[in-house]
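> Attaching a predicted model along with its sequence, questions to come.
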Amino acid sequence: MPEQHQPAGAYGSGPAIPPKKLTIPEIVAMKRDGKRITMMTAYDVAFARLVDDAGIDIILVGDSLGMVMLGYPTTVPVTMDDMVRHAAAVARGAKHAVLVGDMPFGSYQTGRDDALRNASRFLKESGMDAVKLEGGHEVVETARALVESGIAVMGHVGLTPQRVAQFGGFKVQAKSADAARRLIDDCVSLEQAGCFAIVIESVPAPVAALATERVGIPTIGIGAGPDCDGQVLVLHDVLGLFGDFKPKFAKRYAELGPIVVDALQRYGREVRDASFPDAEHSFTMKDAERAALERALDEPWRPKKVV
């Protein structure tokens, strides 16, 4: 069983000792050992460091960055360039967590060769440990091909945001017995294809519980009840930094949005009334150097000769 991670960064309360890097086999073993798995999104180096310092097991560089970072209405417009750039920043900030990058829409649906090319690029250029694919039976063979090529894959079933147009919005999935059975079968197939874990999003809690019982790899829930092996949320939802869309399952652990606005308003007031910057936030020079500068400014200016 992997050791419990203690915060090690400037904002943590634990010892300033770099933690051991978690591995994918250790994540898989956590299910067997009955240890709950924590997973959180991050999209830049600053937040990656904070998430890592908090001891989160898996950091997901989600294509949700299209909505919370780039302002798109869905994740569909996100490109491989977007994902690689943000994922590389996260990798520079996180040293403990397993790093998983979302394969964006269009990067793997167009065939096995494109999937292999883009997934390989993800690992080579951004430093991710694994990639994540959305879908069930329709991506099983793609997942198998990636795994056989040495690329670790996390699956994602239920509400798959890249298909939100087909679903008619961000709606709960697998509510009927037939749909729930298909979802569970998809989980089994993804495990057989070699996936090391599966995200289950926006499905009834009993369905996620049954899926979790029937696979030997970890399930990571988001809006899927308490019985998955782990949980994931979007960082900006957790911290109250994204107010445009608040899913029912997204618990707010802080409301930083108003705090940020207040801080910026205070900054604006102090700049306008000239109370910032003050002496505490300014640099000085020696009196003799200042006097010499003032004398020099009183003399006619002559350009230096270039030899």
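Great, that's in hand.
> Run a quick neighbour tally on the residue nearest to residue 194 when sequence neighbours are not counted.
Ranked by Cβ to Cβ, 6 or more residues apart in numbering and with sequence neighbours excluded, the top spatial neighbour of residue 194 is residue 147, at 3.3 Å. From N, CA and C alone the C-beta is placed, and that goes for glycine too. For residue 147, the number of neighbouring residues by other Cβ atoms under 10 Å comes to 15.
> Residue 71 too?
Should you count by other Cβ under 10 Å, residue 71 turns out to have 9 residues around it.
> picking up where we left off before, the residue nearest to residue 194 contacts residue 190, correct?
No. Taking contact to mean Cβ atoms under 8 Å, the distance of 10.2 Å between residue 147 and residue 190 leaves them out of contact.
> continuing past the strand or helix carrying residue 199, what's the next helix or strand?
Per DSSP states H and E: residue 199 is located in strand 197-201. Where DSSP H and E defines the elements, the next helix or strand beyond strand 197-201 is helix 205-214.
> Contacts only, for the residue most central in space within the chain.
When the chain is reduced to its mean C-alpha position, the nearest residue by Cα atoms, centre = their mean turns out to be residue 41, at 2.5 Å. Residue 41 sits next to 59-62, 64-65, 232-236 when contact means Cβ atoms under 8 Å, 6 or more residues apart in numbering.
> Just the strands from the stretch 1-150 of the chain, written as ranges.
Ranges of strands in the stretch 1-150 of the chain, per DSSP state E, counting those that start in this stretch, are 37-41, 58-61, 98-102, 130-132.
> who touches the last one?
Residues from elsewhere that reach strand 130-132 (Cβ under 8 Å, 6+ apart): 24, 60, 98-103, 119, 122-123, 146, 151-156, 196, 199.
> Mind doing that once more with 7 Å?
Surrounding strand 130-132, the residues in contact under the criterion Cβ atoms under 7 Å, 6 or more residues apart in numbering are 24, 100-103, 119, 122, 151-154, 156, 196, 199.
> which one of the residues you listed is nearest residue 78?
For residue 78, the closest of those turns out to be residue 102, at 8.0 Å, with distances computed as Cβ to Cβ.
> Can you give me the neighbour number for the closest residue to the closest one other than its chain neighbours?
Excluding its sequence neighbours, the residue lying closest to residue 102 (Cβ to Cβ, 6+ apart) is residue 63, at 4.1 Å. Burial of residue 63, expressed as a neighbour count using other Cβ under 10 Å, amounts to 29.
> Residue 63: what's it in contact with?
Contacts of residue 63 were listed using Cβ under 7 Å, 6+ apart, and they are 75, 78, 83, 102, 104.
> How about the contacts made by the closest residue to residue 179 other than its chain neighbours?
The spatial neighbour of residue 179 that comes closest, neighbours along the chain excluded (Cβ to Cβ, 6+ apart), is residue 173 at 6.8 Å. Residue 173 makes contact with 158-159, 179, 202-203 under the criterion Cβ under 7 Å, 6+ apart.
> Return the closest of those with respect to residue 141.
Top of the list for closeness to residue 141, among those and by Cβ to Cβ, is residue 158 at 20.1 Å.
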